[in-house]
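Asks: Got a predicted structure plus its sequence, pasted below:
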Amino acid sequence: MKFLLVAVNAKYIHSNPAVYSLYAFSAGKYADMMEIAEYTINQKKDDILADIYGRKPDAVGFSCYIWNMNIIRELLSDLPKVLPDTDIWLGGPEVSYNAPEVLAGYPELKGIMVGEGEVTFSEILEQYRREDAPDFSRVAGLYLKAGYTSPREVTDLNRLPFLYRNTDTFANRIIYYESSRGCPYRCSYCLSAIDKTVRFRNISLVKKELDFFLEAGVSQVKFIDRTFNCGHEHAMEIWQYLHEKDNGITNFHFEIAADILRDDEIELLQKMRPGQIQLEIGIQSFNEDTLRAINRRMDKDRLFHVVSEIRKTRNIHQHLDLIAGLPYEDYMSFGKSFDQVYAMEPDQLQLGFLKVLSGSPIAEETQKYEIAYTKQPPYEVLSTRWLSYADLIRLKKIEEMVELYYNSNQFVNTLRYMKNAFSSPFRMYEALAEYYEKHGLFINSPSRAYRYKVLLDFASEMDSNKNELYTELLTYDLYLRENMKSRPVFCRSLTSETYKNFRHAFYREEEKTRRYLPHLSQYDGRRLSGITHLEPFSRPVWDPEYPDHRKACEPSKEWYVLFDYTRKDPLTKDAYTTVLQNSISTKRNSNQLE
């Protein structure tokens, strides 16, 4: 008997901890009965179907989420035709809260595993192994054609075995790890509002398992705990352990509630290696009526304080989230929430859109709030009583601008100055989206390199008479990220004798003294000039305090900036820079070295 556990991931770099957890829990008794198959939603349905057929399973179980349900439905339509004797099971959040409806739509299904599946799946395998016919009605936590068997108690996390025995399967993929289940909060848009029991994995087990990742030197471990720091002592022990055992390589990602972060936790986080920790903070909205409607309590003052304190040391990547389409949040209100989050200077600002998930409390309130949403996954909001579909389309375009220009971290200095030309950051991205629309750039999306020229043209139109300043800002941003082999047309010419003489003298002197690039002592001056870049500037555009809107357009004196691409900021991936003047005196910037 072969039971095939199928995961259809959103991307190749993702993995599915659910199917690996089912497998690991039952491997002791039933390893010979199980097999895992992982695919992505980008693969053709027919290719996935053919692969499943070639494996000749006796039973198939699909792990169902909003991102893969459409392709799974296509497979459910055809799989019984090519494997008529194969039992088909479903599980996962996308089918746990509307199981009777799903069963009615797909009569070929054997059943649906509801909620946590490790113990349930093990008992299904036990029934398949019986000498007589399996009796699945004896297994709790199942929806069968005959109805619901019985509720399944929540799982003791300490019973669950570690998912990862080797990292070969997960090479170049994200590793997911779970140290707790459940969430103490009741946000109405979230399925975690249903699971009222917060459970923690024993800290000694967690430390032992973290050692596996650290010793293997995996690049990233993403904790999938819904609110990692809801148990302060649990979070503190893990963070302290990671600080003590840091391998200099592995990055750990946590989703937290920032307003409950304690001062001792902040102090510990500030000691972490730059780039070791990422924090994702779901703010969602600053509208008080909205927060009340979605059952979300948040201490705003504490939130601002915590994000600011963590940012001071520039060692932690902070990812802040907003959700459009929530009750009482109209276009203008969302813009105000956006501006408040933008002022907190997150490393990433994610604009999400409400998903009306089956089983979530807000799904029962769609009529009350006049929420229209797509019939098919991901069940995304189309309009609300406060937000029209036209406004939502505008927000979608603004979201794309934020992704291209802010979240790429390629235009940091330019955007810092440019926002002074607008009444608010939200208005700046709104105007940029309108510019893209006007020039057909949403349809013919410009390449990464050409986006610098697009932003310069936009600045010239929106903030006239400062073209030279914006040219230097964009040139600085450009060379921070890449040693361009082909110089963009908007950059100033490097053909002047003054520049050529300074560049030649600098690298000739550096070959002798190794004053600025001592770590590259194996290279001669000619090679140094190829792996670094020297750029002239008439304004200190790299200085966050410099761009005074009244004076910044006035050129000052000549500086040269040395971009060293062999050393980069671990958070931003920017090249390390040294600022020089004609006398070749220097000051170092605040970049932290890898």
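Replies: Arrived safely, thanks for sending.
Asks: Please, which helix or strand holds R567?
Replies: strand 559-568 (DSSP states H and E).
Asks: That should have said V8, apologies.
Replies: Using DSSP H and E, V8 maps to strand 3-9.
Asks: Show me which positions of the following helix or strand past that strand end up buried.
Replies: Note on strand 3-9: by DSSP H and E, the next helix or strand toward the C-terminus is helix 17-30. Within helix 17-30, the residues that count as buried by 16 or more other CB atoms under 10 Å are 17-26, 30. In short, each C-beta sits where N, CA and C put it, glycine included.
Asks: roughly how far out does helix 17-30 sit from the chain middle?
Replies: 27 Å (CA atoms, centre = their mean, to the nearest Å).
Asks: Contacts only, for Y523.
Replies: For Y523, the contact set (CB atoms under 8 Å, 6 or more residues apart in numbering) comprises I531.
Asks: what separates it from P93, distance-wise?
Replies: From Y523 over to P93 the distance is 54 Å, taken as CB to CB, to the nearest Å.
Asks: do Y106 as well
Replies: Counting by CB to CB, the gap from Y106 to P93 is 17 Å.
Asks: picking that back up, the strand holding V8 - which strands sit beside it in the sheet, and in what orientation?
Replies: Note on strand 3-9: by DSSP bridges, its sheet partners are strand 34-40 (parallel), strand 59-63 (parallel).
Asks: In this protein, which helix is the longest?
Replies: Of all the segments of type helix in the chain, defined by DSSP state H, the longest one is helix 497-513.
Asks: How about residues contacting that helix?
Replies: For helix 497-513, the surrounding residues in contact (CB under 8 Å, 6+ apart) are 494, 515-517, 524-526, 528-529, 534, 536, 558, 560, 562, 580, 582, 584.
Asks: If we use 7 Å, what do you get?
Replies: 516-517, 524-525, 528-529, 534, 536, 560, 582, 584 (CB atoms under 7 Å, 6 or more residues apart in numbering).
Asks: Show me just the buried residues among those residues.
Replies: Among these, those classed as buried by 16+ other CB under 10 Å are 516-517, 528-529, 534, 536, 560.
Asks: burial of the closest residue to L473 other than its chain neighbours, as a residue count?
Replies: Spatially, and ignoring its direct neighbours in sequence, L473 is nearest to T414 (4.2 Å; CB to CB, 6 or more residues apart in numbering). By the criterion of other CB atoms under 10 Å, T414 has 26 neighbours.
Asks: Look up how far M113 lies from G141.
Replies: 6 Å.
Asks: These two: who's more crowded?
Replies: Remark: of G141 and M113, M113 carries more neighbours, 26 against 23, as counted by other CB under 10 Å.
Asks: which residues does the residue nearest to L473 contact?
Replies: Counting by CB under 7 Å, 6+ apart, T414 touches 455, 470, 473-474, 477.
Asks: element containing it?
Replies: Assessed by DSSP H and E, T414 sits inside helix 412-418.
Asks: pull the CA atoms of that helix into PDB?
Replies: The C-alpha coordinates for helix 412-418 follow below in PDB (Å, rounded to 0.1, in the frame of the first residue of the first chain):
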ATOM      1  CA  VAL A 412      16.700  54.700  -0.700                       C
ATOM      2  CA  ASN A 413      18.500  58.100  -0.900                       C
ATOM      3  CA  THR A 414      16.400  59.300  -3.900                       C
ATOM      4  CA  LEU A 415      13.100  58.500  -2.300                       C
ATOM      5  CA  ARG A 416      14.200  60.000   1.000                       C
ATOM      6  CA  TYR A 417      14.700  63.300  -0.700                       C
ATOM      7  CA  MET A 418      11.800  63.100  -3.200                       C
END
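Asks: pLDDT (mean, whole number) over it?
Replies: Averaging pLDDT along helix 412-418 gives 95.
Asks: likewise stretch 53-61?
Replies: On average, stretch 53-61 scores 98.
Asks: distance between that stretch and the chain's centre?
Replies: Counting by CA atoms, centre = their mean, stretch 53-61 comes out at 33 Å from the chain centroid.
Asks: can you tell me which two in the contacts of T414 are farthest apart?
Replies: Farthest apart among the contacts of T414 by CB to CB are Y470 and D477. That separation is 10.4 Å.
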